[in-house]
Structures are given as structure tokens and as C-alpha cells.
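1. sequence first, predicted coordinates after that:
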Amino acid sequence: MPTLPKPQLTEPESPVGCRVRSDVSGTMSRSGPDPSGPWILRRTRPAAPGREFRRDPNERRRRGIASIASALTVAAAASAEMPVGVLIASLKKVSKNPSLFFARELPQPVEWAIADDYQRDDERPGTHWRDVWGDQVATSPGEVEQPTELNIAKAADAAIARLQETRKAGRPYNQADQILAVRLGAIFRRSGQPIRRRREPVMRRDEVVYVESGPVYDFLELVLKPLRAHLREKLLAPVTTETIVRRITEDFPKAS
């Protein structure tokens, strides 16, 4: 039975970037079985390295770590984006109780959706979007008016209708998986190792099962650790090695 999306009525703590980047760098700097040691970072290089880069293996390693940290940070930010279902559920709450808007604690995607459809009267929706965001975005005195609860509720209803019209059927794919496939796939390819998907037998619960494995799986299992810890902590959708490898090897559209 499908689970209904839960509304989000407060802005989450600011993501992602610094925390994930710090975790990646810390994980890769410690000794032991982590991404600082494996062949992938020793062999990863830019397409046309300069002479000074070739002479300095530490610089090559630093750049490899920075590239991986950047990929995980972008994926973490994408994971934190509000799903359309959650946005609609949040707007429904505001429609029923527009006083929630005036606490000024709604997440930015919810306020943007309201602003896009906000009307004082019969003008074009969004004309007076500055009313929603307040005096801080006014460009001249008297440009902003205090929104009314009725107009906030109407804007929330209009935003719900607009989002539902453009919403695609089916389960959306995880954008973070696609970002990681594009970025980490490019890093792995620079190592010179071929990307192969092979199945190997392993014992699980006294039974032989076949799992996919190979160097690219080993690489991903190592470098994804900080991101997976972050996603678990924030109760965000996980990323899966199998999906990322499949997208690396298949003809998927590139992430923006």
C-alpha cells in the first residue's frame, strides 16, 4: 500500500555542502580501508595534466578527493530537494490553515509555489509575488502589501492545481543516483579500468546467490560511505550501487 507524502512546514537545517564535504575529506584522510589508498585515486588523473601535476602525486590525490567530494555534495543537495508529493501535501496544509504562512517558517519551495500563484485581485498570478516574500525584496516604497489569509489560501490551491497538472505518473527516479553515475563514472573511467558488470556467487543464509561485482562496485562502495551516512541521518532516500552502475553503463540522460 503506497505511503502518502507527509507535509513539511518548517525549513530544514541548511544542508549539506560543508558537512558532506568535510566528512568525505575526513574519511579519505584517515588510514585504513578507505578511498585514500585504493588504486582508483592513485591512477585517477585529469584528461590533460600539467607537468607540475604529473610530478606531484599528492596533488593528484588531493584533486581526486576534491572531485569525489564535489560529486557527493551535489548528490546530497539533490537528495534534500523537496519532492513534488511533499510540496503538494505542504500546500494543502497551508490552504486549510493559511495562518501557517505568517509564522514565516515554511520551507522556501512552499513559499515560492505560493508566490508564483499569488494574486491580490484579478491580475495575472505571480504579479505581486513580492507580497509573499515581504519588504526585503521590495524595490520601491509601497510596492509590497501584507498578504491576506484568503489570498494565501487561494494561491496555495492554485499552486496545488498547477503542480498536479504537470506531475508525471509513475515513481520518479532518484536524481542523486543519476548525478553520481555521471560524475563518479567520469572519475572512474579516468583510472583506465574497464567498467564491467559481472555476477559472482556468494553465500547468504547457507544459500548460494549471485551478486554483481567488479572494480567499479568496489570503488563506489568506498567513496559513497560519507554520503550514505548523511542520507541516513537526515532520513533521505538512499543511493544504491547497483542503480548507479546500471546508469553508468546504460544510455541515461546526463544530470544537469
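-> In hand now; what should we look at? Numbering: from 1, shown residues only.
2. which secondary structure element of the protein has the lowest mean pLDDT?
-> helix 39-43 (a mean of 45; mean pLDDT, DSSP states H and E).
3. show me the domain layout of this structure.
-> Per automatic domain parsing, the domain ranges recorded for the chain read 17-81+172-249, 84-166.
4. what average pLDDT does the shortest one get?
-> By that I understand domain 84-166. For domain 84-166, mean pLDDT is 91.
5. same check, this time on stretch 184-197
-> 81.
6. would you pull up how far it lies from the middle of the chain?
-> 23 Å (Cα atoms, centre = their mean, to the nearest Å).
7. ok so, going back, to Lys6, which of the domains of the chain lies closest?
-> Nearest of those to Lys6, taken as Cβ to Cβ: domain 84-166 at 6.3 Å. Every C-beta, even on glycine, is put in place using the N, C-alpha and C of the backbone.
8. quote the end-to-end distance of the closest one.
-> 10 Å (Cα to Cα, to the nearest Å).
9. where do the strands sit along the protein?
-> 198-204, 207-213 (DSSP state E).
10. which of the domains of the chain sits closest to Pro7?
-> Going by Cβ to Cβ, the one of the domains of the chain nearest Pro7 is domain 84-166, 4.1 Å.
11. elements contacting the longest helix along the chain?
-> Looking across the chain with DSSP state H, the single longest helix is helix 57-80. Helices and strands touching helix 57-80, by 3 or more Cβ pairs under 8 Å, 6 or more residues apart in numbering; DSSP states H and E, are helix 17-29, helix 39-43, helix 51-55, helix 175-189, helix 225-233.
12. least confident of the ones you listed, on average?
-> helix 39-43 - the lowest mean pLDDT of the helices and strands packed on helix 57-80, at a mean of 45.
13. quick one: contacts for Leu4?
-> Gly85, Ala89 (Cβ atoms under 8 Å, 6 or more residues apart in numbering).
14. and the pLDDT for it?
-> If you check Leu4, the pLDDT there is 74.
15. pretty sure Pro215 contacts Arg189?
-> No - contact between Pro215 and Arg189 fails when scored by Cβ atoms under 8 Å: they sit 11.4 Å apart.
16. just checking, Val110 touches Leu91?
-> Yes - the criterion here is Cβ under 8 Å, and Val110 meets it with Leu91 at 6.4 Å.
17. pLDDT on the longest helix of the chain, on average?
-> For helix 57-80, mean pLDDT is 82.
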